[in-house]
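Undergrad: need coordinates for the below:
(3 chains)
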Amino acid sequence: MFSSSLSHSLLPLLDIAGTAVFAISGALAAARENLNIVTFIFFAAITGVGGGTVRDLLIGAPVIWMHNSTPLAVCVVCGLIIWFTPSRIWPAKAIDWFDGLGIAAYSVFGTAKAIAYGVPLLPSIIMGIVSTCMGGIFRDMLAGVPSIVVRPELYVTAVALSSGSYALLYELGCNIYVATAIAVLAGFGLRALALWKGLGLPHYQR
Amino acid sequence: MFSSSLSHSLLPLLDIAGTAVFAISGALAAARENLNIVTFIFFAAITGVGGGTVRDLLIGAPVIWMHNSTPLAVCVVCGLIIWFTPSRIWPAKAIDWFDGLGIAAYSVFGTAKAIAYGVPLLPSIIMGIVSTCMGGIFRDMLAGVPSIVVRPELYVTAVALSSGSYALLYELGCNIYVATAIAVLAGFGLRALALWKGLGLPHYQR
Amino acid sequence: MFSSSLSHSLLPLLDIAGTAVFAISGALAAARENLNIVTFIFFAAITGVGGGTVRDLLIGAPVIWMHNSTPLAVCVVCGLIIWFTPSRIWPAKAIDWFDGLGIAAYSVFGTAKAIAYGVPLLPSIIMGIVSTCMGGIFRDMLAGVPSIVVRPELYVTAVALSSGSYALLYELGCNIYVATAIAVLAGFGLRALALWKGLGLPHYQR
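TA: Modelled structure (predicted):
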């Protein structure tokens, strides 16, 4: 089964990569709030593993960081890196692009993991979106800033494009490596257009 | 066993009705924030299935939308309906009354479902309240508006009356259809008085 | 096994003590918002059992208040006590000191419970922190005030010191009663210094 070979080979690595991207964004939020070193690590951990934790609880998978210290260790290290380095070496623009790649990849793998656990397509797509956005939602709630979901930029939409296009291609019988590549590029491409050209969807005005 | 026949006959239908009520209120919150079509659906989904998800995780029931696409499909459709229709056909007053009926029914069935899973009475009452209020709490947190729980209107209290009166009547051996009817009417009646006459409980002033 | 004897003897009692401390702080938050008696109990319940619930879901333990009405009954009673007594008999200073002891004890037992469920050390430390802080985070989010995690005082740090020192002493083979005493005193001592002398860690300024 392709999806299970995916979950046994690539998924752990991409989980860690996504965790690191999210942990860095959590620690940067702590930096904006001028918190101390312990709360840097707390923000890095909640943002890093929060979304994947919700996904795993919902699909009935073991919560990975309960059995394996690697994800949390990655969060601690990311928190310390942000704490000990001057903020000027972390330009917001660079972070946004790095994050755009991270969310596209993480949403595809969230969807693939849900499919591998026997979840139907529509909830699998939502699982990809939730696992990608929930860490950032927790981060923004803790920091008391408006949630990423209500900001005018195209963020959830790019995540949904990655998850949805992967699920569609998977359902159509596409090779999963090809499906992954297309879906990650589609989501990242849309987020890139949002960052670069300010592309957005029309907003509700009625 | 009456409670299990309830959970096999009426519960799924009432779950869907409650989900639709909550999804509509989520999409209307997205409309107030002038979000785009994707975030409309995101708000509809989180509000629609959020409370029931927390309940199911806590009582150890399978999270229904992980195995069945209907609840999420209902949320997507509700989000799209709100997006594509002019807001003037959704008067706030009408929604409030519709919602009042929805919360009374959903809290009774949340309590009945917890009882069916062997949860004792007091936590079953709390499960009815949590499953009914949590979707709205998530919605308000995402939108960054004061939580429904701290608004001065009688909302949680009406929900608690439905859950509590059902549990009490059930414990007293009352027929569950009679208990359901009384409990739904009690909670809806109290919410109706709050909407119509501004009825409230005394607030803490010490 | 010491940790399992701990979990069978002391843990339930300390769980209840921690629940009461948190429930009181939840009800006091409801008092500050001038809520009504039902929402007092709602705040007491969410704050009282919120953190332990997250911990139990994550480590795969049964959620205690689903099988046993005591924790919720404690929350209801605490909510009623705060409602019916004048606020001047609950001086903020006294509550802070009582709470400081409660969080130190609860974080040690959260960590001990996670270890007893076979969770590795680093996630067990995080479980101690999360179970202690999450109830307060829920309380502050519901009330719409800045989360305790971003306030300038040493709070999460004291909790982390309790959890971390217990885990370290446990790993070093220390008797668990000695480890518990040292860890509770360390966390409470640090929180006491924060309350008494305004002690804090340096904040991020780069």
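Undergrad: going forward, measure contacts and count neighbours with C-alpha atoms only.
TA: Noted.
Undergrad: just give me the residue closest to the centre of chain A.
TA: Note on chain A: the residue nearest the mean C-alpha position is residue A:132, at 3.3 Å, using Cα atoms, centre = their mean.
Undergrad: please name the residues that touch that residue.
TA: Residue A:132 makes contacts with A:51-52, A:103, A:106-107, A:110, A:159, as judged by Cα atoms under 8 Å, 6 or more residues apart in numbering or on different chains.
Undergrad: just the element for it, please.
TA: helix A:121-143 (DSSP states H and E).
Undergrad: send over that helix as PDB, restricted to the C-alpha atoms.
TA: What follows is helix A:121-143 as a C-alpha-only set of coordinates in PDB (Å, rounded to 0.1, in the frame of the first residue of the first chain):
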ATOM      1  CA  LEU A 121     -11.500  11.900   1.700                       C
ATOM      2  CA  LEU A 122     -13.400  15.000   3.000                       C
ATOM      3  CA  PRO A 123     -12.400  14.700   6.600                       C
ATOM      4  CA  SER A 124      -8.800  13.800   5.500                       C
ATOM      5  CA  ILE A 125      -8.600  17.100   3.700                       C
ATOM      6  CA  ILE A 126      -9.900  18.900   6.800                       C
ATOM      7  CA  MET A 127      -7.300  17.000   8.800                       C
ATOM      8  CA  GLY A 128      -4.500  18.300   6.600                       C
ATOM      9  CA  ILE A 129      -5.800  21.900   7.100                       C
ATOM     10  CA  VAL A 130      -6.400  21.500  10.800                       C
ATOM     11  CA  SER A 131      -3.000  19.900  11.500                       C
ATOM     12  CA  THR A 132      -1.300  22.700   9.600                       C
ATOM     13  CA  CYS A 133      -3.200  25.700  11.000                       C
ATOM     14  CA  MET A 134      -4.000  24.600  14.600                       C
ATOM     15  CA  GLY A 135      -0.400  25.200  15.900                       C
ATOM     16  CA  GLY A 136      -0.600  28.800  14.600                       C
ATOM     17  CA  ILE A 137      -4.000  29.300  16.000                       C
ATOM     18  CA  PHE A 138      -2.800  28.200  19.400                       C
ATOM     19  CA  ARG A 139       0.200  30.500  19.100                       C
ATOM     20  CA  ASP A 140      -1.900  33.500  18.200                       C
ATOM     21  CA  MET A 141      -4.400  32.800  21.000                       C
ATOM     22  CA  LEU A 142      -1.600  32.500  23.500                       C
ATOM     23  CA  ALA A 143       0.000  35.700  22.300                       C
END
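Undergrad: what about the next helix-or-strand element following it, near chain B?
TA: Downstream of helix A:121-143, the next assigned helix or strand under DSSP H and E is helix A:156-171. Yes. Counting by Cα under 8 Å from any Cα of the partner chain, chain B is contacted by helix A:156-171 at A:156-157, A:160.
Undergrad: how much space separates residue A:110 from residue A:189?
TA: Using Cα to Cα, to the nearest Å, residue A:110 is found at 19 Å from residue A:189.
Undergrad: looking at these two, which is more packed in?
TA: residue A:110 (28 against 18; other Cα atoms under 10 Å in any protein chain shown).
Undergrad: pretty sure the more buried one is touching residue A:123, no?
TA: No. Proximity of residue A:110 to residue A:123 does not meet the contact threshold set by Cα atoms under 8 Å, at 10.9 Å.
Undergrad: between these two, which contacts overlap?
TA: Joint contacts of residue A:110 and residue A:123 (Cα under 8 Å, 6+ apart) do not exist.
Undergrad: return the set of buried residues in stretch A:111-130.
TA: Across stretch A:111-130, burial judged by 16 or more other Cα atoms under 10 Å in any protein chain shown covers A:111-117, A:119-130.
Undergrad: the residues you listed: which ones sit near chain B?
TA: Residues of those in contact with chain B (Cα under 8 Å from any Cα): A:119-123.
Undergrad: re the thing from before, return the member of the residues of helix A:156-171 next to chain B nearest to chain C.
TA: Minimum distance to chain C across those is 22.6 Å, recorded for residue A:156 (Cα to the nearest Cα).
Undergrad: neighbours of that closest one, how many?
TA: Using other Cα under 10 Å: residue A:156 sits among 24 other residues.
Undergrad: so in chain A, where's the weakest helix or strand by average pLDDT?
TA: Scoring the helices and strands of chain A by mean pLDDT, DSSP states H and E places helix A:2-32 at the bottom, with a mean of 76.
Undergrad: check the offset of the helix holding residue A:132 from the chain's centre.
TA: 8 Å (Cα atoms, centre = their mean, to the nearest Å).
Undergrad: now it against helix C:121-143, angle please.
TA: Taking axes from the mean of the first three to the mean of the last three Cα atoms, to 10 degrees, one finds helix A:121-143 and helix C:121-143 inclined to each other by 80 degrees.
Undergrad: list the residues that contact the closest residue to residue A:34 other than its chain neighbours.
TA: In space, and not counting its chain neighbours, residue A:34 is closest to residue C:204: 4.7 Å by Cα to Cα, 6 or more residues apart in numbering or on different chains. Each residue near residue C:204 by Cα under 8 Å, 6+ apart is listed here: A:31, A:34-37, A:83.
Undergrad: would you turn these into a markdown table with neighbour count and secondary structure?
TA: Converted to a markdown table, those look like this (neighbours: other Cα atoms under 10 Å in any protein chain shown; DSSP: H, G, I helix; E, B strand; the rest coil):
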| residue | neighbour count | secondary structure |
| --- | --- | --- |
| A:31 | 23 | helix |
| A:34 | 18 | coil |
| A:35 | 24 | coil |
| A:36 | 24 | coil |
| A:37 | 21 | helix |
| A:83 | 24 | helix |
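Undergrad: neighbours of residue A:88, how many?
TA: Using other Cα under 10 Å, residue A:88 has 8 neighbouring residues.
Undergrad: tell me the pLDDT of it.
TA: Note for residue A:88: predicted pLDDT of 78.
Undergrad: residue A:156 too?
TA: Residue A:156 carries a pLDDT score of 91 in this model.
Undergrad: name all residues that make contact with it.
TA: The contact partners of residue A:156, by Cα under 8 Å, 6+ apart, come to A:129, A:133, A:149, B:38-39.
Undergrad: which of those sit farthest apart?
TA: The span of those, defined through Cα to Cα, is set by A:133 and B:38 at 13.2 Å.
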